[in-house]
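Colleague: give me coordinates for this.
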Amino acid sequence: MASAIEWLRWIGARRIIGGMVVVAMTAVAAWWLLRPAPPTAEVVLPTLPPEVSVAVTSLVDLPILVHVTGAVVAPGVVEVQGNARVQDAVAAAGGPLGRADLDALNLAAPVSDGAQIHVPAVGEIAQAPLGSPLVGGPTPRVDLNTANAAALDVLPGIGPSTAAAIVKRRAEIGRFVTVDDLLEVPGIGPAKVDALRDLVVVS
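Modeller: Okay, here's the model as predicted:
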């Protein structure tokens, strides 16, 4: 009889413990299902400070200086915007003359600060003084009517004294009409003129 009572007590204890475990598991499951959702992470894209954005935008608006020579109304140094093209620089120099050969240039080419653009006349090869980048043209030649002594000095067979003589003669006659006019410069003979013929031009 005592053993039966102890057995019943043991069964009752197991039920109580089992019930407590079920209750605990139910509470854990309810908490997991009903827990508040974690806050959604907010993605914030970096933005440039206003002053940086303005600076980047305004770069193309900064003026640059370009030297326009040749067959234009007002050759010289002109001011254009930073995103200007060759046609803008030509327009800033007063526009092309009637004898200008615009087909020899790439009018859509961009220009940079300090560049030189030579607008050739019909029949003339697009050119720029030696040492100067040419925009939109082929092999540069030296213009006998615009080059200074330093530019002339780099020509083969032309030293400082001959270069100075060329500039002096040009000042005396106003301008050279043909390359053969170099024969009037002291120290230059027919052979030297023939050697220079493909390296120089008159505008």
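Colleague: count the neighbours of residue 101 for me.
Modeller: Residues contacting residue 101 under the criterion other Cβ atoms under 10 Å number 17. Backbone N, C-alpha and C define where each C-beta goes, glycine included.
Colleague: hmm, I typed the wrong one, I wanted residue 116.
Modeller: 21.
Colleague: beta partners of it?
Modeller: With beta bridges defined as DSSP bridges, residue 116 has these partners: residue 67, residue 134.
Colleague: let me know the pLDDT of it.
Modeller: On pLDDT, residue 116 comes in at 86.
Colleague: check contacts around residue 95.
Modeller: Listed by Cβ atoms under 8 Å, 6 or more residues apart in numbering, the contact partners of residue 95 are 72-73.
Colleague: and the gap between it and residue 193?
Modeller: 35 Å (Cβ to Cβ, to the nearest Å).
Colleague: with residue 91 instead?
Modeller: Taking Cβ to Cβ, one finds residue 91 at 37 Å from residue 193.
Colleague: which stretches of this protein form strands?
Modeller: Under the criterion DSSP state E, the chain contains strands at 63-70, 76-81, 116-119, 142-143, 200-201.
Colleague: any regions of the protein where pLDDT drops low?
Modeller: Within the chain, the stretches with pLDDT under 70 are 1-19, 21-24, 28-32, 35-61, 124-140.
Colleague: again, only this time at 80
Modeller: For the chain, applying pLDDT under 80 flags the ranges 1-61, 123-141.
Colleague: how about the helices in the protein?
Modeller: Taking DSSP state H to define them, one finds helices in the chain at 2-34, 50-58, 86-92, 149-153, 160-173, 190-196.
Colleague: hmm, back to that, looking at the strands of the chain, which is nearest to residue 170?
Modeller: Of all these, strand 142-143 sits nearest to residue 170, with 10.7 Å by Cβ to Cβ.
Colleague: what's the closest one packed up against?
Modeller: Counting contacts by 3 or more Cβ pairs under 8 Å, 6 or more residues apart in numbering; DSSP states H and E, strand 142-143 packs against strand 200-201.
Colleague: packing partners of the strand it packs on?
Modeller: For strand 200-201, the packing partners by 3+ Cβ pairs under 8 Å, 6+ apart are strand 142-143.
Colleague: mind listing what the strand it packs on pairs with, with the direction of each?
Modeller: As defined by DSSP bridges, the strand partners of strand 142-143 come to strand 200-201 (parallel).
Colleague: now the strands of the chain in JSON lines, with distance to residue 180?
Modeller: As requested, these are exported to JSON lines (distance: least, Cβ to Cβ, whole Å):
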{"stretch": "strand 63-70", "distance to residue 180": "21"}
{"stretch": "strand 76-81", "distance to residue 180": "29"}
{"stretch": "strand 116-119", "distance to residue 180": "22"}
{"stretch": "strand 142-143", "distance to residue 180": "16"}
{"stretch": "strand 200-201", "distance to residue 180": "11"}
